[in-house]
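Colleague: Coordinates for the following, if possible.
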Amino acid sequence: MFDLSPEQEQLVQTARKFTKDRIIPVAGELDKKHEFPLKICEEAFSLGLMNAEIPAEYGGLGLSTFDHCLLLEEVNYGCAGVGTTLAANNLACVPLILAGSEDQKKRFLGELTTGLSFAAYNCSEPDAGSDVAGMRTRVEQHGDDFIITGQKRWITNGSVARWHTVFATFDPKERHKGIAAFVIPAETPGVKVGRLEDKMGQRASHTCDVLYEEVKIPKSLMLAPRGQGFKLAMKTFDRSRPWIAAGAAGLMRRCIDESRAYALDRKAFGQPIASFQAIQFMLADMAMKYEATRLLMLKAAWLVDQGKLDSITSSYAKSFGADSAMQVATDAVQVFGGYGYTTEYPVEKLMRDAKLLQIYEGTSQVQRMVIARNVLANGVG
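Modeller: Residues are numbered from 1 along each chain as shown. Okay, the predicted model is just below:
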C-alpha cells in the first residue's frame, strides 16, 4: 500500500535536500530570535514546497494528502516551527477546497499560487480552543451582507496573512448549530492583528490574535451557511491531522539521528554510551514510536485521499504521534544528559517544539475523547 512512486521519491529527496541545505543551518537562530522564516518560505515557494494540496487548476501542486505528509515529515526533521509555517497555507485552504464556490477558489487560492503570500485559519478563541462549538465570535446578517465581531487566538501566520478563513456563530447558545464560515481579505476594514505570542517552542512560526471589529463582508464570501460551519471545521481537521503526525514523525527521526550519533561518540566509563543497555533500550523505544507513528500517518493520509474525511484514524495518528514525539524528544535530552539541557545541541529545541504537537488542532485529551466515543459506538477494526 505504501510503496512510493518515482515521483514521490523525488518529492522526498527534494524536500530532504532543502531541509538539509536551507532549514537546519538556520533553525537554531530563527528559534533564538523568534524570527519568521520569510527567506525559507520564498525558497520553498520557488521549489514548489508550499501550497501542496491546492488543486492544479488553481495553480497549486495538486498533491494528495499522502504526498503532502511525505513532504512535511522531511521539513519538520529540520524545524517544526518552519513546518507549521509552511503548512498553514494549506490549513487555510482546506475549507475553500471542500466547500468554496468556483469564484472563491479562483480568487483566493489563486492569490497564494501566483506569488508568495500567506493565509490563516481562524477558529480558536480565548475561551474556545478545544471546544470549537463554544466560540463567541458573532456574525449578523444585514440584507446581503454580514457583520462579524470577535477575537480569534492562536492564529498561525495571522500577522502576515493576505486572507483568513473565519468561523463565527449567529448565536452562541446554538453551539455547533449556529456556526457559519467565511473567507475574509485581511485588508477589510475592521480586521486587526493582535500581539505575537512569546512561545516556548516552534518560535519560527508566528502566532497571534486576529480581531474583527464590525467587519462587513458580502454574501459572496460565505463558505458555509448557518449550521454547516462546524461540520466544515471538523472535516478540515480530519484532513489536517495526518499533517501533525507527519510533523511528529520528522521530529522523532531527527531525535533518533541526533541521539544515535551522540551515543556512538560520547564515552563514559571508558566506552561509548551506545554500548550500555540503558541507552540501547531508549533508542529502541524511540525507533518503535517513530515507525508506528509513520505507519499511522500514512494510513490516515491514504484514507483521506480515498475520500474518508471522517476516519477515526486521523485522531489515532495525531494523538499517538504527538504523544510519541514528546516522549522521544524527552528521551533524546536524557541520552545527551547535561549537554541535552543546553542550547549547544538541538535536542532541547526539539523537546520544546514537540510539546505543541500535543496541543494544537485538538489536544491529545480531546483526541482520546473522540476515539473513546468511536470505540463505544463502533468498536475497533
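
Colleague: Isn't Val193 up against Asn157?
Modeller: No: counting by Cβ atoms under 8 Å, Val193 does not reach Asn157; the two are 10.6 Å apart. The way it works is simple: take the backbone N, C-alpha and C, and place the C-beta from them, glycine included.

Colleague: higher neighbour count, these two?
Modeller: Neighbour count, other Cβ atoms under 10 Å: between Val193 and Asn157, Asn157 has more, with 26 against 16.

Colleague: ok, now which ones touch the more buried one?
Modeller: If you count contacts by Cβ atoms under 8 Å, 6 or more residues apart in numbering, Asn157 has them with Thr85, Ala88, Asn89, Ala92, Phe118, Ala119, Ala120, Ser205, His206.

Colleague: List the ones among the residues you listed that fall in strands.
Modeller: Of the positions in the contacts of Asn157, Phe118, Ala119, Ala120 sit in strands, assigned by DSSP state E.

Colleague: Let's have those residues in JSON lines, adding neighbour count and distance to Asp285.
Modeller: Below are the ones in strands among the contacts of Asn157 laid out as JSON lines (neighbours: other Cβ atoms under 10 Å; distance: Cβ to Cβ, whole Å):
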{"residue": "Phe118", "neighbour count": "24", "distance to Asp285": "38"}
{"residue": "Ala119", "neighbour count": "27", "distance to Asp285": "39"}
{"residue": "Ala120", "neighbour count": "26", "distance to Asp285": "37"}
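
Colleague: And those, which is closest to Gln306?
Modeller: Nearest to Gln306 out of the ones in strands among the contacts of Asn157 is Ala119 (Cβ to Cβ; 26.3 Å).

Colleague: so what's the closest one up against?
Modeller: Going by Cβ under 8 Å, 6+ apart, Ala119 touches 88-89, 92-93, 108, 111-112, 157, 161-165.

Colleague: can you tell me which of those are in helices?
Modeller: With helices taken from DSSP state H, the overlap with the contacts of Ala119 comprises Ala88, Asn89, Ala92, Cys93, Glu111, Leu112.

Colleague: Between all of the residues you listed, which two are separated the most?
Modeller: So, the ones in helices among the contacts of Ala119 by Cβ to Cβ: farthest apart are Ala88 and Glu111, at 14.6 Å.

Colleague: Of these two, which one has the most company?
Modeller: For Ala88 versus Glu111, neighbours defined as other Cβ under 10 Å are more numerous around Ala88 (24 against 17).

Colleague: confidence score at the more buried one?
Modeller: What the model reports as pLDDT for Ala88 is 96.

Colleague: likewise the one 10 residues further on?
Modeller: With respect to pLDDT, Leu98 has a value of 96.

Colleague: Now find how far off-centre the host helix or strand of it is within its chain.
Modeller: Following DSSP states H and E, the helix or strand that holds Leu98 is helix 80-99. Offset of helix 80-99 from its chain centre (Cα atoms, centre = their mean, to the nearest Å): 7 Å.

Colleague: for the helix or strand following that helix, which positions count as buried?
Modeller: Per DSSP H and E, the first helix or strand lying C-terminal to helix 80-99 is helix 102-104. Neighbour-count burial for helix 102-104, counted by 16 or more other Cβ atoms under 10 Å, picks out Gln104.
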